[in-house]
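[1] A predicted structure for the sequence below; I have some questions about it.
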Amino acid sequence: MANFVYRLETLLTQKRDAKAAAERALAACRAEEREARARLAELEAESARALERKRIARETAFVDGDLIEDILARRNDVEIFHRRWEDAKGAVFSQQLFVEELAEATANAVAALTEVSREVEVLVKHRAKAAGRFAAEQDRKETLEQEEIASGMFQNRRRS
């Protein structure tokens, strides 16, 4: 009996390899997005701390009875803390944009994986149908051969 040979086996193997690559790419995108979100949380906490330091410096900047030099130094501290808070706020915004880009990349990776998975599924179904047709054809041929043998044996018995 002949063995089934799928004529698109090479293409199916390529599609399976592409699916595995898409799965790895999606995992990498998700990991990078998780890391970026963790970094965003850190930056937001840092921004909140900077804002709190600015608030405290502003509240303590003008205390009655201090020398003008001390008041000016604390006022400069308020400006420094304000700049640090602005820098932290800018870093948060920048990280938010980066996270959004990564989320879009992850969505694209999911879409690519979905497409490749669908292609693999189509080829697997096609292979199963082709194998079923091949098996049916082999059964039909075997049945015909058996019938020919039976007919030949019947004819031989009849002649004898």
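    Thanks, I have it.

[2] A38: neighbouring residues, count only.
    10 (other Cβ atoms under 10 Å). C-beta here means a position set from N, CA and C on the backbone, and glycine is covered the same way.

[3] ok, now which ones touch the residue sitting nearest the centre point of the chain?
    Nearest to the geometric centre of the chain sits L26, at 2.2 Å (Cα atoms, centre = their mean). Counting by Cβ atoms under 8 Å, 6 or more residues apart in numbering, L26 touches T106, A109, V110, A112, L113.

[4] What's the PyMOL syntax to select whichever of the residues you listed are buried?
    Here is the PyMOL selection string for the buried members of those, based on 16 or more other Cβ atoms under 10 Å:
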select buried, resi 106+109+112+113
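
[5] The contacts of L26 into CSV, with extra columns for pLDDT, secondary structure and distance to E86?
    Output for these, formatted as CSV (pLDDT from 0 to 100; DSSP: H, G, I helix; E, B strand; the rest coil; distance: Cβ to Cβ, whole Å):
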residue, pLDDT, secondary structure, distance to E86
T106, 97, helix, 30
A109, 96, helix, 35
V110, 97, helix, 36
A112, 96, helix, 39
L113, 97, helix, 41
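
[6] ok, so of the contacts of L26, who is nearest F134?
    L113 (31.0 Å; Cβ to Cβ).

[7] so the closest one makes contact with K19?
    Yes. Contact criterion Cβ atoms under 8 Å: L113 and K19 qualify, at 7.2 Å.

[8] least trustworthy helix or strand in this protein by mean pLDDT?
    helix 68-159 (a mean of 92; mean pLDDT, DSSP states H and E).

[9] mind checking how far that one is from the chain centre?
    Once both centres are worked out by Cα atoms, centre = their mean, to the nearest Å, helix 68-159 turns out to sit 8 Å from its chain's centre.

[10] Using JSON lines, lay out the contacts of L26 together with distance to R159.
    Below are those laid out as JSON lines (distance: Cβ to Cβ, whole Å):
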{"residue": "T106", "distance to R159": "79"}
{"residue": "A109", "distance to R159": "74"}
{"residue": "V110", "distance to R159": "73"}
{"residue": "A112", "distance to R159": "70"}
{"residue": "L113", "distance to R159": "68"}
